[in-house]
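**Student:** what's the 3D shape of this:
(one chain, ligands or ions: 1)
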Amino acid sequence: MDVKPKKNLGQHFLTDLNIAKRIADSIDYTQQEESKPVCLEIGPGMGVLTQFLLNRNDIDLSVIEIDRESVEYLVTHFPQLYQQEKIIGGDFLKANLNELLPKGFPIICGNFPYNISSQIFFKILDHKDEVRQVVCMLQREVAERIANKPGTKEYGILSVFLQAYYDIEYLFGVDRSKFNPPPKVQSAVIRLKRNGRQSLPCDEALFRRIVKESFGMRRKMIRNSLSQHLNGSAAQERFLTLRPEQLSVDDFVELTNSIS
Ligand code: SAH
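**Tutor:** Take a look at the predicted model:
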């Protein structure tokens, strides 16, 4: 029997198998070690994407699902995953991933629960030293926001934080009719690949504060939103009349260094 979709868990099950396969095939990871890289799927639901991830012989799949009914469904339909203890029942946001996945999890994939997609990304950033690649479907607006370059109105806090550590590609859109039940919003698939940056060349805690405070007043110029921090140095001059969405990661780094 199929899982009854639960709204509070953001359950919109993908019904188009071609799209599911296309998402699984979008993982573009060159293996560096001899053993296969672990891929963690977030929110497998009834496993529409899981089946195609399992077809890939170059990854070692584990899944994490919060919904007990879905977990039972997966245990029945994917006995091979269950026998290898690769079905984790639990909340991705609360899970201790290093304990659950001692071999690391360089790849994350999933049709994310849209209501918590930002929180998922903040948790991924906490694990940026492990996560080399993310392929995921999410609300199209959020996908655009994350992937867009500075200067666009969708560009925001999460774009800056993610673009600091990942190269981000918008892959393709998915129509709402391809889900059961159809979500209110359109969807899109993006891919994030870890860039070469180990850490930002500035005080990272201050960087995060500066980014958050400036986007907290996104219509205001930096001169006003960050007035408390500014010291009138020449290095700050070119930022004063800009709005936060006009600043790239490197600009925020420069601004942070001029403040600290
Ligand atoms: N991948 C499936 C389901 C997508 S819907 C498909 O494409 O059809 C999102 C899924 O995420 C649901 O199965 C939901 O139960 C699960 N989910 C929601 N919140 C979660 C969380 N905090 N941790 C893990 N899974 C979660």
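**Student:** list the contacts for the closest residue to residue 164 other than its chain neighbours?
**Tutor:** Nearest in space to residue 164, with sequence neighbours left out and distances taken as CB to CB, 6 or more residues apart in numbering, is residue 249 at 4.7 Å. (Glycine included, C-beta is placed from N, CA and C.) Residue 249 makes contacts with 160, 163, 164, 200, as judged by CB atoms under 8 Å, 6 or more residues apart in numbering.
**Student:** rerun at 10 Å
**Tutor:** Neighbouring residues of residue 249 by CB atoms under 10 Å, 6 or more residues apart in numbering: 150, 159-165, 195, 197, 200, 207, 211.
**Student:** State the distance from it to the ligand.
**Tutor:** Here the criterion is CB to the nearest ligand atom, to the nearest Å. By it, residue 249 lies 28 Å from the ligand.
**Student:** in this structure, what spans have low per-residue confidence?
**Tutor:** Within the chain, the set of residues satisfying pLDDT under 70 is empty.
**Student:** Out of the contacts of residue 249, which end up buried?
**Tutor:** Among those, those classed as buried by 16 or more other CB atoms under 10 Å are 150, 159, 160, 161, 162, 163, 164, 165, 200, 207, 211.
**Student:** what's around the residue of the chain found nearest the ligand, how many residues?
**Tutor:** The ligand sits closest to residue 43 of the chain, with a gap of 2.2 Å, by CB to the nearest ligand atom. Close neighbours of residue 43, defined as other CB atoms under 10 Å, add up to 22.
**Student:** That one: what's it in contact with?
**Tutor:** By CB under 10 Å, 6+ apart, residue 43 lies in contact with 9-11, 49, 63-67, 70, 92, 110-113, 116, 120, 136.
**Student:** mind running it again at 8 Å?
**Tutor:** With CB under 8 Å, 6+ apart, residue 43 has these contacts: 10, 64, 65, 66, 92, 110, 111, 112, 113.
**Student:** Quick check: the last one touching residue 9?
**Tutor:** In other words, residue 113. Yes - assessed by CB atoms under 8 Å, residue 113 is found in contact with residue 9 at 6.2 Å.
**Student:** Who has more neighbours out of those two?
**Tutor:** Neighbours were counted for residue 113 and for residue 9 using other CB under 10 Å; residue 113 has more, 22 against 18.
**Student:** ok, so what distance separates that one from residue 93?
**Tutor:** Between residue 113 and residue 93 the computed distance is 10 Å (CB to CB, to the nearest Å).
**Student:** Could you name every residue contacting both of these two?
**Tutor:** residue 120.
**Student:** Can you list the residue ranges for strands in the chain?
**Tutor:** 13-14, 38-42, 60-65, 87-89, 107-111, 133-139, 166-174, 179-180, 187-194 (DSSP state E).
**Student:** neighbouring strands for the longest one, and are they parallel or not?
**Tutor:** Strand partners for strand 166-174, identified by DSSP bridges, are recorded as strand 187-194 (antiparallel).
**Student:** For the partner strand, list every residue counted as buried.
**Tutor:** Of all the residues in strand 187-194, those buried under the rule 16+ other CB under 10 Å are 187, 188, 189, 190, 191, 192, 194.
**Student:** Let's have those residues in JSON lines, adding distance to the ligand.
**Tutor:** As requested, these are exported to JSON lines (distance: CB to the nearest ligand atom, whole Å):
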{"residue": "187", "distance to the ligand": "10"}
{"residue": "188", "distance to the ligand": "14"}
{"residue": "189", "distance to the ligand": "11"}
{"residue": "190", "distance to the ligand": "15"}
{"residue": "191", "distance to the ligand": "17"}
{"residue": "192", "distance to the ligand": "18"}
{"residue": "194", "distance to the ligand": "22"}
